[in-house]
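Visitor: structure for this input, please:
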Amino acid sequence: MARNKRFTVKEYGTFKTEFTRWQRRFGLDGYKVYFKFEPIEDCFADITADQRQSCVTIRVNSEVPPADVEFADVKVHAKHEAIHLLVKRLSARAYERHVRGDEIYEAEEELVRRLEKLIPD
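Guide: Residues are numbered from 1 along each chain as shown. Okay, the predicted model is just below:
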């Protein structure tokens, strides 16, 4: 049975550096950012935000399932999570309205994917 790939501490450091670079590039310096390096199911990284406190927590997956190893790229995922932060206020306001959570998540993910292609490295 294939084993999960473990991101190294160096790769985790690269993720944090890249995320911070994108955060500054997008002008999102008003957030206090906390990073966690731990196993996560179903994703390479994720972000949660407390808009009122201007705090975000970004979890980076310390293990990647064998089927996803070829897609694991900490720089790409750091940019992706920074774009999520860019649109986080919009999605937070949408969650306060009469829209299903899965509809908001789907729309946000679609926008983030488009922005990934539009925003040059």
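Visitor: only C-alpha atoms for contact and neighbour calcs from this point on.
Guide: Noted.
Visitor: I'd like the distance between the nearest residue to residue 101 once chain neighbours are set aside and residue 103.
Guide: Counting by Cα to Cα, 6 or more residues apart in numbering, residue 101 lies nearest to residue 95, which is 6.5 Å off, once chain neighbours are set aside. Distance of residue 95 to residue 103, computed by Cα to Cα, to the nearest Å: 10 Å.
Visitor: with neighbour numbers in mind, choose between those two.
Guide: Ranked by neighbour count (other Cα atoms under 10 Å), residue 95 and residue 103 place residue 95 first, with 16 against 12.
Visitor: hmm, residue 60 and residue 7 touching each other?
Guide: No - the pair residue 7 / residue 60 is not scored as a contact, 9.0 Å apart, by Cα atoms under 8 Å.
Visitor: between these two, which is the more surrounded one?
Guide: More neighbours surround residue 60 than the other of residue 7 and residue 60, with 25 against 19 (other Cα under 10 Å).
Visitor: now that one, nearest residue through space, not along the chain?
Guide: residue 45 is the one closest to residue 60 (Cα to Cα, 6+ apart), at 4.4 Å.
Visitor: I'd say that neighbour and residue 63 touch.
Guide: No - the pair residue 45 / residue 63 is not scored as a contact, 10.5 Å apart, by Cα under 8 Å.
Visitor: residue 33 contacts residue 56, correct?
Guide: Yes - with contacts counted by Cα under 8 Å, residue 33 reaches residue 56, the gap being 5.0 Å.
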